[in-house]
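**Student:** Give me coordinates for this.
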Amino acid sequence: MTAPRNIVVAMSGGVDSSVAAALLHEAGHRVIGVTLRLLGKETGFGCCGTTKDIDDARAVCGRLGVPHYVFDFAQTFEQKIMDPFLQSYLGGETPNPCINCNRYVKFDALLKKAVTLGADAVATGHYARVEKAAGDAGPVYRLRRARDAQKDQSYVLYHLGQAELSRLLFPVGDMEKADVRAAAHRLGLRTADKP
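**Tutor:** Numbering: from 1, shown residues only. Model prediction:
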């Protein structure tokens with residue numbers, strides 16, 4: 001095993017991020033679960049950071065015996081994601097808010113906050129992989145597709161550069177979805193069957 005690291009795990013309250021946190025904890029790392037509150041109020045339309053999602057993430061962290069925090073990123077989400085999304089949509093375009101949420105919230109604002117809190121890395125439940133290779137001036141990090149081609153999310157992470165990739169972990173990127181659910185059951189996580 002590599003030396004234990006301080007890892008902030010972005011926990012959406014779903015099975016993928018739950019298993020990501022559990023696997024890192026099982027490997028001996030110091031895991032801190034973080035759920036992002038992205039909306040200023042409960043809408044009921046299934047956006048990340050609902051009260052149910054926060055409760056599920058908190059329960060998983062409780063099961064693992066790791067701390068859990070909720071970071072309020074509602075203002076950033078509204079300014080960087082929702083406002084541009086609405087303007088684009090009203091302009092006749094078909095925007096993908098998840099790409100910008102990854103760009104400006106998860107892998108910018110959250111990553112910066114995690115580093116200021118002393119984290120060595122940030123992990124998520126994204127189905128993608130980071131490959132480290134030797135380069136002339138040091139390590140080079142490459143974003144790769146997930147093992148599970150049906151669940152691959154590397155396309156929404158295309159914008160990540162070396163600074164971000166060097167600090168990111170995608171623990172479920174080498175797993176099939178069925179294996180993720182099986183791991184959640186084995187670990188007794190309440191999100192095991194969550195859609």
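
**Student:** Residue 121 and residue 171 touch, don't they?
**Tutor:** No. If you go by Cβ atoms under 8 Å, residue 121 and residue 171 don't touch, sitting 10.7 Å apart. For glycine as for every other residue, the C-beta is placed from the backbone atoms N, C-alpha and C.

**Student:** the more surrounded of the two?
**Tutor:** Neighbour count, other Cβ atoms under 10 Å: between residue 121 and residue 171, residue 171 has more, with 25 against 18.

**Student:** How about the more buried one: what's its closest non-neighbour residue?
**Tutor:** residue 20 (4.2 Å; Cβ to Cβ, 6 or more residues apart in numbering).

**Student:** Walking through this protein, point out its helices one by one.
**Tutor:** Secondary structure of the chain by DSSP state H: the helices cover 15-26, 51-64, 74-77, 83-90, 97-101, 111-116, 162-165, 177-186.

**Student:** Select, out of these, the one closest to residue 156.
**Tutor:** Residue 156 lies closest to helix 97-101 among the helices of the chain, at 5.1 Å (Cβ to Cβ).

**Student:** can you give me how far the closest one is from the chain middle?
**Tutor:** The chain centre lies 13 Å from the centre of helix 97-101; the measure is Cα atoms, centre = their mean, to the nearest Å.

**Student:** May I see the buried residues of it?
**Tutor:** Across helix 97-101, burial judged by 16 or more other Cβ atoms under 10 Å covers 97, 100-101.

**Student:** and if you look at stretch 52-70?
**Tutor:** Under 16+ other Cβ under 10 Å, the buried positions of stretch 52-70 are 53-54, 56-61, 63-64, 66, 68.

**Student:** now do stretch 119-139
**Tutor:** 119-130.

**Student:** In strands only, show me those.
**Tutor:** Within the buried residues of stretch 119-139, residues falling in strands by DSSP state E are 121-123, 128-130.

**Student:** Redo those residues as CSV? Include distance to residue 164.
**Tutor:** Compiled in CSV, those are given as follows (distance: Cβ to Cβ, whole Å):
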residue, distance to residue 164
121, 11
122, 9
123, 13
128, 12
129, 14
130, 10
